[in-house]
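S.K.: pasting the sequence and the predicted coordinates here, then a few questions.
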Number of protein chains: 2
Amino acid sequence: MAAKDRFHDVVKSALIKDGWTITHEQFQIDYGDVQMQIDLGAERLLAAELNGEKIAVEVKSFIAPSTIYEFHTALGQFLNYRSALRVNEPERIPYLSVPSEIFEEFFRRRFIQEVIQEHKLNLLIYNVEQEVIVTWIKLSNTAK
Amino acid sequence: MAAKDRFHDVVKSALIKDGWTITHEQFQIDYGDVQMQIDLGAERLLAAELNGEKIAVEVKSFIAPSTIYEFHTALGQFLNYRSALRVNEPERIPYLSVPSEIFEEFFRRRFIQEVIQEHKLNLLIYNVEQEVIVTWIKLSNTAK
């Protein structure tokens, strides 16, 4: 199984344990006039619902050799997803999922924390071994 | 020569023709507590000066199979560079350089235009064949 599929399955399993219903294993964001199918390089997005709350979860493994480079992509992807959701489905909240070890080692650094605050990223921190959600960090309440 | 080196050289040549002095062929952004040397995957940043104005130019080829995926990375990288410059060198203006064909085909789309406006990206549009700058689009005046 490719590493990115493994992380996708771990986050899916963690969401289910947390009570969420997975509504889309491969959620497609509608960017309007930008073709959907060209988002080939991206990991599959998970969509889930719980008590009427809807989320879209970007799964990032952060196993690439350059963590800051993967963070560039994760940030841009999150912001583009949020901009697209704002138009098409503003009640669905986007989250960037991050393995807990990467969160502790990398995301706690001051520069990364400042970027998270600046852009009001929502994070879902998960434990890869136990396949559970450790923390939700919700800085913006809607895709707006 | 690797494709990304070729585009780097084209943008460098276009800047020189436009009167700029290249001060750094491989400008290093200081992210504070995030290690510099791990930004391995990134294309080299150009730094230039003209009449006291300082710029940092992110060179993107947009030749990857998925243009939207490359745009995710370009956006995240631009915003992280801007956040880092704001702390360390706020008078240096960051630009994302885009080949004119990609600008016409992709960046003129409504979704991309909205993202550019939302995040106030500065763009430098260049002609690859002629190695000249076609247009500067400056939406933010400082790294702030």
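M.R.: Perfect, I can see it now. The structure presented is a predicted model; accordingly, all values stated were derived computationally and were not measured.

S.K.: what's the single longest helix in chain A?
M.R.: Counting residues, the longest helix in chain A under DSSP state H turns out to be helix A:67-88.

S.K.: quick one: it near chain B?
M.R.: Yes: Helix A:67-88 is in contact with chain B by CB under 8 Å from any CB of the partner chain, via A:67-69, A:71-77, A:79-80, A:83-84. For glycine as for every other residue, the C-beta is placed from the backbone atoms N, C-alpha and C.

S.K.: count of neighbours near the residue of chain A found nearest chain B?
M.R.: Closest residue of chain A to chain B, CB to the nearest CB: A:Gly76 (3.2 Å). As a burial measure, A:Gly76 scores 25 neighbours (other CB atoms under 10 Å in any protein chain shown).

S.K.: can you check A:Glu131 too?
M.R.: Applying other CB under 10 Å, I find that A:Glu131 has 16 neighbouring residues.

S.K.: and for it, nearest residue in space, chain neighbours not counted?
M.R.: Closest residue to A:Glu131 apart from its sequence neighbours, by CB to CB, 6 or more residues apart in numbering or on different chains: A:Ser13 at 4.4 Å.

S.K.: endpoints of stretch A:52-68, how far apart?
M.R.: 35 Å (CA to CA, to the nearest Å).

S.K.: mind listing what's buried in that stretch?
M.R.: By neighbour count with 16 or more other CB atoms under 10 Å in any protein chain shown, stretch A:52-68 contains the buried residues A:54-62, A:64, A:66-68.

S.K.: that one: how far from the chain's middle?
M.R.: 4 Å (CA atoms, centre = their mean, to the nearest Å).

S.K.: next one: stretch A:80-96
M.R.: Averaged C-alpha coordinates place stretch A:80-96 at 11 Å from its chain's average position (CA atoms, centre = their mean).

S.K.: mean confidence score for it?
M.R.: Averaged over stretch A:80-96, pLDDT sits at 93.

S.K.: ok, and what's touching that stretch?
M.R.: A:29-32, A:45, A:47, A:53-58, A:60, A:74, A:78, A:121-124, A:136, A:138, A:140-144, B:68, B:71-72, B:75, B:111, B:114-115, B:118 (CB atoms under 8 Å, 6 or more residues apart in numbering or on different chains).

S.K.: ditto for stretch A:7-24
M.R.: Here stretch A:7-24 makes contact (CB under 8 Å, 6+ apart) with A:1, A:25, A:43-50, A:54-55, A:57, A:59-61, A:97, A:99, A:124, A:126-128, A:131-133.

S.K.: could I have the ChimeraX command that selects the buried members from those?
M.R.: Selecting only the buried entries of the contacts of stretch A:7-24 in ChimeraX, with 16+ other CB under 10 Å as the criterion:
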select /A:43,44,45,46,47,48,54,55,57,59,60,61,97,99,124,126,128,131,133
